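*Asks:* Any chance you can model this:
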Amino acid sequence: MKILVVDDNRDAAEILAAILRHEGHTVSLAFSGRDAISLADLHKPALVLLDINMPEMTGFDVVRELRDHKRGPRPIILAVSGYGQESDKLAAKRVGFDGYLTKPVEPQELLARIAAFEK
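*Replies:* Got it, this is the predicted structure:
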């Protein structure tokens, strides 16, 4: 699966990417919202793992851009956030995220979610 990992914390993004690559996925990395939109337009990922709390352009801003119907195929977008309250999850759903993972993300949970989308 083509996956885009977006997080302003480079270490966090690279750890997720390493896990996903080990499982055979093709992974692109973006460390800002603007870069995420550019890479999504270029690579057309099937799945985007998107941090919410980023400077300049939040994950909410990015998901709104990616949901623009003119952008082509609609990727699955999972929020990846340190905020895990029910209100945070509801806000993410309202904006257009397809799911929510709370940091630190457990590798088995991440891989199980991805496997469910691949079916």
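*Asks:* Okay, buried residues for the helix or strand of the chain with the lowest mean pLDDT please.
*Replies:* Here the helix or strand of the chain ranked lowest by mean pLDDT, DSSP states H and E is helix 107-118, holding a mean of 92. By 16 or more other Cβ atoms under 10 Å, the buried positions in helix 107-118 come out as 110, 113, 114. (Each C-beta comes from the backbone N, C-alpha and C, glycine too.)
*Asks:* ok, the last one touching residue 2?
*Replies:* No. Residue 114 is not in contact with residue 2 according to Cβ atoms under 8 Å; the separation is 11.6 Å.
*Asks:* shared neighbours, the two?
*Replies:* Common contact partners of residue 114 and residue 2 (Cβ atoms under 8 Å, 6 or more residues apart in numbering): 25, 47.
*Asks:* hang on, the earlier thing: same list (the buried residues of helix 107-118) but as TSV, adding distance to residue 7.
*Replies:* Shown next, in TSV, are these (distance: Cβ to Cβ, whole Å):
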residue	distance to residue 7
110	13
113	17
114	17
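*Asks:* Would you state the strands of the protein in chain order?
*Replies:* 2-6, 26-30, 47-51, 76-81, 99-102 (DSSP state E).
*Asks:* highest average neighbour count across those strands?
*Replies:* Among those, strand 47-51 has the highest mean neighbour count (mean count of other Cβ atoms under 10 Å), at a mean of 26.
*Asks:* got a list of contacts for it?
*Replies:* 1-9, 12, 16, 36, 40, 59, 62-63, 66, 75-81, 97, 101, 110, 114, 117.
*Asks:* Please report the distance of the residue nearest the centre of the chain from residue 70.
*Replies:* The C-alpha lying nearest the average C-alpha coordinate of the chain belongs to residue 49 (Cα atoms, centre = their mean; 1.5 Å). Distance of residue 49 to residue 70, computed by Cβ to Cβ, to the nearest Å: 23 Å.
*Asks:* All set, thanks.
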